[in-house]
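Novice: Predicted model, plus sequence, below.
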Amino acid sequence: RAKEAGRNGFEFYTEDMNTSSLGRLLLEHQLRGAAERGELLLHYQPKVSAADGRLGGFEALLRWQHPELGMVAPGQFIPLAEESGLIVPIGQWVLEETCRQQRAWLDAGFDVPPLAVNLSAHQLAQPDIVATVAAAIECHRLAPGLIELELTETMLMRDVDRTIRTLVRLREMGVRLAIDDFGTGYSSLNYLRQFPVNALKIDRSFVSDIGSDGAEGKIAAAIVGMAHSLGLDAVAEGVESEAQRAFLQMHGCHQLQGFLIARPAPAREIERFLSRRA
Ligand code: C2E
Ligand code: MG
Ligand code: MG
Ligand code: MG
């Protein structure tokens, strides 16, 4: 019986994994053991200085190497993991793996920039999140400034006072903090001033507006200006064209990330990238 359900379920989610509830259930079930089976992995995407192209950091991006579906993008399973709470152990795995990788690169003699990890709302709300981050960093003997946490605007606005207290403790520890997908949420500018973050990451949608007729990058430019006046770094995500790069550089955006510079890649490719620079 279970076998039959499995077969039917498989057909279901290949048809439409996201809308079929059985497909979702199956995927969730499979995701549950994915880390233990070694099916999760990280790709890394460089961030470079807009002014001179110098490497400024990497962002770790989660991938799921599913035995039948192949490489599954986070957009397809992170929402599922968030709903089910599975994101907490998965996020823990990501944090641990990122610190392990950073330590391995340091031991191999690479001059590594900060490595950024995406945190989910669930993770940030864990009462022991600060201790969890501290433990991962200490376990791998990292300087805290070599780890950056990316938090979305929406998750910061959930329980603002509590969030601010958590962020203050993380900053006191020395980890870097960035607001991801900036401009897509509804953060009040008043709160923005109180979040002790280092950087604003301009959402890709505003970067892709650059060079288009309607918006012409006005929002991206405004976010860069806002970051400047708050004393924060502005990082543009999803930079795909030379025109976007030139525009962002002209407006004083600090760092660029996107396919124009490099696609996210597995650790071994990143090592070649680091060796070439050295
Ligand atoms: P994000 O944190 O905003 O990550 C940036 C996304 O944009 C990545 O998609 C990246 O591959 C993609 N990207 C980078 N440059 C370009 C570009 O030039 N053009 C285009 N079209 N896309 C570009 P990815 O890897 O599919 O990740 C999607 C989202 O999944 C991430 O958005 C993040 O919110 C979430 N995510 C990824 N890894 C993790 C994780 O470990 N934990 C949590 N909680 N969320 C994660
Ligand atoms: Mg991110
Ligand atoms: Mg982003
Ligand atoms: Mg995004």
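Specialist: Sure, I can see it. Ligands and ions are numbered 1, 2, ... in the order given.
Novice: can you list the residues of the stretch 101-250 of the chain near ligand 2?
Specialist: Proximity of the stretch 101-250 of the chain to ligand 2, by Cβ under 5 Å from the ion, involves residues 118, 150, 180. To be clear about C-beta, it is placed using only N, CA and C from the backbone, and glycine gets the same treatment.
Novice: Secondary structure, distance to ligand 3 and neighbour count added to those residues, as JSON lines?
Specialist: Converted to JSON lines, these look like this (DSSP: H, G, I helix; E, B strand; the rest coil; distance: Cβ to the ion, whole Å; neighbours: other Cβ atoms under 10 Å):
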{"residue": "118", "secondary structure": "strand", "distance to ligand 3": "8", "neighbour count": "20"}
{"residue": "150", "secondary structure": "strand", "distance to ligand 3": "7", "neighbour count": "21"}
{"residue": "180", "secondary structure": "strand", "distance to ligand 3": "4", "neighbour count": "25"}
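Novice: Closest to ligand 1 out of those residues?
Specialist: Within those, the smallest distance to ligand 1 is 3.7 Å, found for residue 118 (Cβ to the nearest ligand atom).
Novice: which residues does the closest one bridge with?
Specialist: Counting by DSSP bridges, residue 118 forms beta bridges with residue 150.
Novice: can you tell me which residues contact residue 204?
Specialist: Shown in contact with residue 204 (Cβ atoms under 8 Å, 6 or more residues apart in numbering): 181, 237-238, 258.
Novice: If we check ligand 3, which of those are in contact?
Specialist: Residues of the contacts of residue 204 in contact with ligand 3 (Cβ under 5 Å from the ion): 181, 237.
Novice: Now residue 32: phi and psi?
Specialist: With angles defined as degrees, to the nearest 10, residue 32 sits at phi -50, psi -40.
Novice: From residue 275, how far off is the residue positioned nearest the centre of the chain?
Specialist: Nearest residue to the geometric centre of the chain (Cα atoms, centre = their mean): residue 118, 3.4 Å. According to Cβ to Cβ, to the nearest Å, residue 118 and residue 275 sit 26 Å apart.
Novice: do the same with residue 133
Specialist: Taking Cβ to Cβ, one finds residue 133 at 29 Å from residue 275.
Novice: So which of these two has more stuff around it?
Specialist: The neighbour count for residue 133 versus residue 275, taken as other Cβ atoms under 10 Å, is higher for residue 133 (23 against 11).
Novice: give the contact list for the more buried one.
Specialist: Residues in contact with residue 133 (Cβ under 8 Å, 6+ apart) are 95, 147, 149, 170, 173, 175.
Novice: taking those residues one by one, which sit in helices?
Specialist: Counting by DSSP state H, those place 95, 170, 173 in helices.
Novice: which of those lies closest to residue 263?
Specialist: residue 95 (23.1 Å; Cβ to Cβ).
Novice: Contact residues of the stretch 51-200 of the chain facing ligand 1?
Specialist: Residues of the stretch 51-200 of the chain lying near ligand 1 by Cβ under 6 Å from any ligand atom: 61-62, 73-75, 78, 87, 91, 94, 118-120, 150, 180-181.
Novice: Let me know the secondary structure of residue 109.
Specialist: Here residue 109 is coil, with the state taken from DSSP: H, G, I helix; E, B strand; the rest coil.
Novice: Could I get the pLDDT score of it?
Specialist: Residue 109 carries a pLDDT score of 95 in this model.
Novice: Could you do residue 6 as well?
Specialist: On the pLDDT scale, residue 6 gets 43.
Novice: One more: residue 244?
Specialist: 96.
Novice: can you check the one 3 residues further on too?
Specialist: Taken from the predicted model, the pLDDT recorded for residue 247 is 96.
Novice: Run a quick neighbour tally on the closest residue to it other than its chain neighbours.
Specialist: Nearest-residue entry for residue 247: residue 210, 4.9 Å, with adjacent residues in sequence omitted and distances by Cβ to Cβ, 6 or more residues apart in numbering. If you count neighbours by other Cβ under 10 Å, residue 210 ends up with 24.
Novice: next one: residue 104
Specialist: Residues lying near residue 104 (other Cβ under 10 Å) number 14.
Novice: Tell me the helices and strands packed up against the host helix or strand of it.
Specialist: Residue 104 belongs to helix 87-107 when assigned by DSSP states H and E. Applying 3 or more Cβ pairs under 8 Å, 6 or more residues apart in numbering; DSSP states H and E, one finds that helix 87-107 contacts strand 40-49, strand 55-66, helix 74-84, strand 115-118, helix 121-124, helix 129-139, strand 147-152, helix 267-277.
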